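# Build me a model from this:
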Amino acid sequence: MIKIDMNSSEFQEELKNTKNFTDKVCSQFAFVYNPESEVNDSVQMGLTRNKLIYNKRFCPCFMVIGDTKEEQNLANNRICPCKPALEHEIPNDGKCHCGIFCTAEFASKFDNTNKAEIAIHTHSRGLTKEECELILEKDSIDADELDALLEARNLGFVQFNLVDVREWMEWKSRRIKGTDYLIPTTSFYNTIGQIEDQREITTIVYCYSGSRSAYCQHVMSDLGFRKVINFDFGIMTFRGETESGEA
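The predicted structure follows:
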């Protein structure tokens with residue numbers, strides 16, 4: 001194992017060169033850095049280490065194969081900015097494998113998603129319409145996210161159907177306030193007709209623990225519902241408003 005002293009003047013000088021290099025890559029290809037500065041710092045230090053050891057900025061997220069320069073060339077090791085990132089990863093995923101180089105669109109969405117997560121889980125503020133729309137792109141949400149979405153729906157920011165897929169006795173005993181439909185899993189195909197004309201509206205399904213609703217989520221997707229989201233871990237984790245009795 002080769003150990004590099006990150007506090008040495010040699011490393012710090014090369015780190016400056018690496019940062020200049022990644023700046024130029026961003027400028028040349030119209031990329032932006034990852035909103036998470038720790039990601040960028042980690043990759044830049046890895047590139048610096050590889051430059052000092054191998055005299056090439058091999059990608060720090062992959063093994064460097066080969067003991068000699070000839071073997072390393074034959075192994076087709078990734079050199080930053082690597083061909084797979086430029087040709088496939090960034091155009092398709094919005095970021096390279098290491099995450100340092102991103103499209104402006106990916107970085108903006110990533111940053112906004114992080115802000116929304118902080119707001120949701122710290123209850124520091126209500127969500128914006130844009131933040132709600134980002135959450136509604138997910139395949140599953142947690143209790144805090146559902147509570148925040150229900151509040152946002154009451155304010156008219158978003159539209160979705162909240163569907164309980166438990167049995168009638170469970171629904172009568174305790175259900176999430178704001179539940180729009182009861183479609184029991186055991187009689188699913190007999191009751192899904194209630195919302196067959198609402199397939200284009202986002203649907204959030206829940207049960208007691210999240211297992212029945214996950215099953216119904218897949219069935220509804222197969223039936224052509226545009227977007228179905230599962231409430232993970234179900235009503236047993238929900239701390240928002242609930243109600244009971246007949247509707």
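
# For the rest of this, base every contact and every neighbour count on C-alpha atoms.
Noted.

# In the chain, what residue spans correspond to helices?
9-29, 37-54, 69-74, 83-84, 90-93, 104-122, 129-135, 143-154, 168-173, 188-191, 211-222 (DSSP state H).

# Mean pLDDT lowest where, among these?
Lowest mean pLDDT of these: helix 104-122, a mean of 76.

# Give the other helices and strands that that one contacts.
strand 32-33, helix 129-135, helix 143-154 (3 or more C-alpha pairs under 8 Å, 6 or more residues apart in numbering; DSSP states H and E).

# Other residues contacting the second one?
By C-alpha atoms under 8 Å, 6 or more residues apart in numbering, the list of residues contacting helix 129-135 from outside reads 112-113, 116, 141, 145, 149, 152, 157-158.

# Pop the domain breakdown of the protein in here.
9-102, 139-243 (automatic domain parsing).

# Including mean neighbour count and distance to Glu131, could the ones you listed go into TSV?
Putting the domains of the chain into TSV (neighbours: other C-alpha atoms under 10 Å; distance: least, C-alpha to C-alpha, whole Å) gives the following:
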stretch	mean neighbour count	distance to Glu131
domain 9-102	16	17
domain 139-243	18	10
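
# got a markdown table for these, with distance to Ser108 too?
Output for these, formatted as a markdown table (distance: least, C-alpha to C-alpha, whole Å):
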| stretch | distance to Ser108 |
| --- | --- |
| domain 9-102 | 8 |
| domain 139-243 | 20 |
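
# that older thread, distance to Pro60 for the helices and strands packed on helix 104-122 - can I get that in JSON lines?
Below are the helices and strands packed on helix 104-122 laid out as JSON lines (distance: least, C-alpha to C-alpha, whole Å):
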{"stretch": "strand 32-33", "distance to Pro60": "16"}
{"stretch": "helix 129-135", "distance to Pro60": "31"}
{"stretch": "helix 143-154", "distance to Pro60": "35"}
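
# who wins for proximity to Asn50 among those?
strand 32-33 (20.2 Å; C-alpha to C-alpha).

# residue contacts, Cys61?
43, 97-98.

# now, which of those residues sits nearest Tyr189?
His97 (42.9 Å).

# Not including adjacent chain positions, what is the nearest residue to Lys172?
Leaving aside its chain neighbours, Lys172 sits nearest to Gly245 (4.8 Å; criterion: C-alpha to C-alpha, 6 or more residues apart in numbering).

# For that neighbour, give me its contacts.
172-174.

# Can you tell me which of those lies closest to Lys51?
Arg174 (61.6 Å).

# thinking again about what came up before, would you turn the helices of the chain into a markdown table with distance to Gly240?
Shown next, in a markdown table, are those (distance: least, C-alpha to C-alpha, whole Å):
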| stretch | distance to Gly240 |
| --- | --- |
| helix 9-29 | 45 |
| helix 37-54 | 35 |
| helix 69-74 | 57 |
| helix 83-84 | 46 |
| helix 90-93 | 35 |
| helix 104-122 | 13 |
| helix 129-135 | 17 |
| helix 143-154 | 6 |
| helix 168-173 | 16 |
| helix 188-191 | 26 |
| helix 211-222 | 19 |
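
# Leu162 is nearest to which of those helices?
Nearest of the helices of the chain to Leu162, taken as C-alpha to C-alpha: helix 143-154 at 9.1 Å.

# Who are the packing partners of the closest one?
Using 3+ C-alpha pairs under 8 Å, 6+ apart, helix 143-154 sits against helix 104-122, helix 129-135.

# okay, the ones you listed in TSV with mean neighbour count and distance to Gln198 next?
Shown next, in TSV, are these (neighbours: other C-alpha under 10 Å; distance: least, C-alpha to C-alpha, whole Å):
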stretch	mean neighbour count	distance to Gln198
helix 104-122	16	27
helix 129-135	17	18
